[in-house]
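Q: Have a look at this fold, sequence not included:
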């Protein structure tokens, strides 16, 4: 087995109060758009790519959050395709998936971990 | 452990299915795929959708990463050119040499092109690959008349493509005396021809093309009977020929009319080499459909992992929509006296033809044909394949199907091995056990777990029936509950929210539901809260539970921009206000269009601009038009007695009064209204959820009509009533609808499901049979008094305004992925429907 090590960095995305409760906002990182979700009910944070892979629309941060069984999901506003915000897996039976990013909160600032572009 | 090498030649649908099935069963093989085309495997069944805006990416069967994630080596654009069976080596066009343990030939078929003189002229095409379609697409822009040779299944698909490409004339030329000669009989062909003619296709039968005329480009076709046909482009669809050259060259046995000969394990004359799909010849037959190809792939997978499974031929029944006309043929469509007795039903007025071939003893269905209405197809096919005993009056199976769904045979009567999804080969038993054992209690869950319904989708209604039936058998009380988070119906939720005085989504979920909600219950609860309390819908706590359009108070459009629709009550607007709309649209670069509801829609607004646009509109006296909400859209009006010489009453003033009264009231679905000033009905009130028509003595009130995909006329609720009574009745009608309708149910469907129908509704509204009229009128009056424009509230609240920034960490920047192109002097969305490769 070959292990691939990707270098990552934490970047400060915004303050906690900038993010809508139980919803998402879109964060700009270099030329990327990242959807940041604040699951206030559970006090959990998640980040995924903002683009819905189904129709390539920059829209997931405007989607509805929810749960199914034990998984947490977001539904794209365009055609209601749902994705796990933990794993990025498509829950509507399609072959596509989302890139996900770790999130942490320190002193009221929300940080997202992204791969470093060398 | 040594891994065996599988080399797969051909990357079509069947080849892909082989890979998918193989990796799900075993990881003991290295799979290498060689494809001739430059694209990953794509869906050829829905190829024509390419002309309706699907890109080749949309048609792809899998993602780019799928092959590498699955450990499959894929070489595109690199066909195999030679097979050395002695040394088990294949050679590719680009010079690759690979050894195999097992070789699978899935080279498919090629269009048969007859050797007509002139066939090589410009403008002659075949219809097989995305590249073919792209060439047709390009050439069609310089042609006005197009023709297809071949009136079979694929030929008619190609003819539809010509219509979609907006050619002025589209023709089909067929050698046989009827269309689809392999699937349907003469009488069926007659009905189909009439239907297709109505849609703009010219059909020529009994025509043999002997010459293609023209200089370099095709100009006309010359037929054997002396006639000719002018045409500027031609698509050849005269059948397929299996691509067996590779097999033939390396000495494998092939049939006299083509096709690699295989046994019941899909093995060729060399036991290490298999052939599957349209290149394989089994029992003297080529199977030119995708479902038998998938079955062949499954047989090979089973053989390689040591399971005994054989190919037993395949039912070639088909059902499709040809240019909007249902066409189906099942079992043996042609068998006739003295081997069977037939029942034929024909309705030329509605373009319907149905034929059932029944065994001489009357017990079994042997096959048949359906044109114009194929709703009974699934059950008839199951009746044939499972040899189900026919009811005493078998004609009911085809005659009743159009009128009502019930027939003598239901899904419940099918045996467990009945094939429900023929694309993926899933039986009734598998589906029922997924429901019982794996707790798949939604159609999506069944699709995911069994793959049934993921191919053509034709069996999805049966999946739902089977699921509900199985759940009932298991003793589950099947109710119309909202979703997994609320074990309640919409009506129960409505009452409980009211009783417990809950006013935000989280409280409703904590008190009445479980889990964290979802995209089904959030908008539903939000709509109930709006109907019951009439709070500003973006009040904190309710903002993120609104459906996307409600959350941003605008309709999201292709590409991620939004549309803006100010209310123009009754369609009446002053010149000054028109100028404001024009100026705003110009300033923010918006596309403008007059809507069907007599107002103006402005498209292409960046989310960031929405509050600024509305600030200007509100300053000029406009209000939200609620085009984004499930609520009142417009009240359309004719000009009425103020100007019209026929008008009986002032329909515009009444329309404005009604639109002002109900604006902003949320309901289970959108609703529309109209007021006509006389019986000429210029406002089309009878197609609305509630419509009002002036009479000599007052107004007639019609309810529960709608346009859309299933148009339905509104029905007369009350006649010759005065304005005040009319409004009281509408108050009661709307409150009753809001309180009792299922989610996302329009008034027409609500009435259709109501026991007792319009008579019952009339009793409730006019005679107050439920003793609710007073309460409903009071609630409506309260609602009307508390109305406030949502957009006005939104722009005045900095917390809400902040939510219209696209980037949380770059509030000034707009979404750079939103792009536009120009069309007819305005803008349109770029890159959704255009071809991207």
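A: Sure thing, it's come through. Source: prediction; values computed, not measured.
Q: use CA for all of it now, contacts and neighbours both
A: Fine.
Q: got the residues of chain A near chain B?
A: A:13-14, A:18-23, A:25-28, A:41, A:57-59, A:62-69, A:73, A:75, A:77-78, A:80, A:92-93, A:95-96 (Cα under 8 Å from any Cα of the partner chain).
Q: Mind checking which of the residues you listed are buried?
A: Buried members of these, scored by 16 or more other Cα atoms under 10 Å in any protein chain shown, are A:13-14, A:18-23, A:25-28, A:57-59, A:62-68, A:73, A:75, A:77-78, A:92-93, A:96.
Q: per-residue pLDDT, residue 75?
A: I went with chain A, as the question did not name one. Turning to residue A:75, the model gives it a pLDDT of 94.
Q: Actually, chain B is the one I wanted.
A: Reported pLDDT for residue B:75: 94.
Q: Give the burial count for the residue nearest to it when sequence neighbours are not counted, as a bare number.
A: Closest residue to residue B:75 apart from its sequence neighbours, by Cα to Cα, 6 or more residues apart in numbering or on different chains: residue B:34 at 4.9 Å. Residue B:34: 21 surrounding residues under other Cα atoms under 10 Å in any protein chain shown.
Q: before we move on, what about residue B:386?
A: Counted with other Cα under 10 Å, residue B:386 comes out at 17.
Q: Now for the closest residue to residue B:215 other than its chain neighbours, how many residues are close by?
A: Spatial nearest neighbour of residue B:215, excluding adjacent residues (Cα to Cα, 6+ apart): residue B:121 at 8.0 Å. For residue B:121, the number of neighbouring residues by other Cα under 10 Å comes to 18.
Q: ok, back up a step: confirm for me that the residue nearest to residue B:75 is in contact with residue B:80.
A: Yes: proximity of residue B:34 to residue B:80 meets the contact threshold set by Cα atoms under 8 Å, at 6.8 Å.
Q: can you list residues touching both of these two?
A: residue B:9 (Cα atoms under 8 Å, 6 or more residues apart in numbering or on different chains).
Q: Residue B:770 touches residue B:762, doesn't it?
A: No: applying Cα under 8 Å as the test, residue B:770 and residue B:762 come out as separate, 11.3 Å apart.
Q: Compare those two and say which one has the larger neighbour count.
A: With neighbours defined as other Cα under 10 Å, residue B:770 and residue B:762 compare such that residue B:762 has more, 18 against 9.
Q: SS state for the closest residue to chain B within chain A?
A: Nearest residue of chain A to chain B: residue A:66, at 4.0 Å (Cα to the nearest Cα). Following DSSP: H, G, I helix; E, B strand; the rest coil, residue A:66 is assigned to strand.
Q: so what's it bridging to?
A: Taking DSSP bridges as the rule, residue A:66 bridges to residue A:73.
Q: That one reaches residue B:514, doesn't it?
A: No: with contacts counted by Cα under 8 Å, residue A:66 stays clear of residue B:514, the gap being 11.3 Å.
Q: Looking at the residues of chain A next to chain B, which are in strands?
A: Members of those lying in strands (criterion: DSSP state E): A:13-14, A:23, A:25-28, A:57-58, A:64-68, A:73, A:75.
Q: just these now: which is nearest residue B:7?
A: Here the nearest of those to residue B:7, counting by Cα to Cα, is residue A:57; it sits at 37.3 Å.
Q: Does residue B:312 belong to a helix, a strand or coil?
A: Under three-state DSSP, residue B:312 falls in the coil class.
Q: do the same with residue B:539
A: Per three-state DSSP, residue B:539 ends up coil.
Q: so who does the closest residue to residue A:84 other than its chain neighbours touch?
A: Excluding its sequence neighbours, the residue lying closest to residue A:84 (Cα to Cα, 6+ apart) is residue A:73, at 4.3 Å. Residues near residue A:73 by Cα under 8 Å, 6+ apart: A:65-67, A:82-86, B:518.
Q: Is residue B:507 part of a helix or strand, or is it coil?
A: Classification of residue B:507 using three-state DSSP returns helix.
Q: where's residue B:387 relative to chain A, distance?
A: 34 Å (Cα to the nearest Cα, to the nearest Å).
Q: And residue B:300, by the same measure?
A: Separation of residue B:300 from chain A (Cα to the nearest Cα) stands at 24 Å.
Q: Please apply the same query to residue B:591.
A: Distance of residue B:591 to chain A, given as Cα to the nearest Cα: 20 Å.
Q: contacting residues for the residue nearest to that residue when sequence neighbours are not counted?
A: Leaving aside its sequence neighbours, residue B:591 sits nearest to residue B:603 (Cα to Cα, 6+ apart; 4.9 Å). By Cα under 8 Å, 6+ apart, the residues touching residue B:603 are B:561-564, B:590-592.
Q: now with 7 Å?
A: Contact analysis of residue B:603 by Cα atoms under 7 Å, 6 or more residues apart in numbering or on different chains lists B:562-564, B:590-592.
Q: which stretch of helix or strand covers it?
A: In this assignment (DSSP states H and E), residue B:603 forms part of strand B:600-605.
Q: How many residues are close by the residue lying closest to residue B:123 once chain neighbours are set aside?
A: Excluding its sequence neighbours, the residue lying closest to residue B:123 (Cα to Cα, 6+ apart) is residue B:233, at 4.7 Å. Using other Cα under 10 Å, residue B:233 is surrounded by 26 other residues.
Q: cool, and the one 4 residues further on?
A: A count of neighbours around residue B:237, defined by other Cα under 10 Å, yields 28.
Q: OK, contacts around it?
A: By Cα under 7 Å, 6+ apart, the contact list for residue B:237 reads B:111, B:126-127, B:148-150, B:154-155.
Q: Inside helices: which ones of the residues you listed?
A: B:154-155 (DSSP state H).
Q: Which two of the contacts of residue B:237 have the greatest separation?
A: Among these, the pair separated by the greatest distance (Cα to Cα) is B:111 and B:148, at 13.2 Å.
Q: Looking at those two, which is more packed in?
A: Using other Cα under 10 Å, the more surrounded residue of residue B:111 and residue B:148 is residue B:148, with 30 against 16.
Q: who's the more buried one bridged to?
A: When assigned by DSSP bridges, residue B:148 has beta-bridge partners residue B:172, residue B:235.
Q: Distance check, it against chain A.
A: To chain A, residue B:148 is 33 Å away according to Cα to the nearest Cα.
Q: Just the pLDDT for that residue.
A: The score at residue B:148 is 95. That number is its pLDDT.
Q: What of residue A:103?
A: Predicted confidence (pLDDT) for residue A:103: 96.
Q: Now for it: which residues touch it?
A: So residue A:103 contacts A:45-47, A:111-113 (Cα under 7 Å, 6+ apart).
Q: which one of the contacts of residue A:73 is nearest residue B:227?
A: residue A:82 (57.9 Å).
Q: from what I can see the closest one touches residue A:88, true?
A: No: using Cα atoms under 7 Å, residue A:82 makes no contact with residue A:88, being 9.6 Å away.
Q: one step back: beta partners for the residue nearest to residue B:75?
A: Here residue B:34, judged by DSSP bridges, has bridge partners residue B:9, residue B:75.
Q: Return the residues in contact with residue B:702.
A: Applying Cα under 7 Å, 6+ apart to residue B:702 gives the contacts B:686, B:690-692, B:714-717.
Q: In strands only, show me the residues you listed.
A: Using DSSP E, the contacts of residue B:702 in strands are B:690-692, B:715-717.
Q: Check what pLDDT residue 92 gets.
A: You didn't say which chain, so I picked chain A. pLDDT at residue A:92 comes out at 81.
Q: should've been chain B
A: As predicted, residue B:92 sits at a pLDDT of 95.
Q: can you check residue B:288 too?
A: Reported pLDDT at residue B:288 in the predicted model: 85.
Q: ok, now the one 4 residues further on?
A: Note on residue B:292: pLDDT of 91.
Q: Could you grab the helix/strand/coil label for it?
A: helix.
Q: measure the closest residue to it other than its chain neighbours to residue B:380 for me?
A: What sits nearest to residue B:292 in space, not counting adjacent residues and going by Cα to Cα, 6+ apart, is residue B:314, at 5.8 Å. According to Cα to Cα, to the nearest Å, residue B:314 stands 17 Å off from residue B:380.
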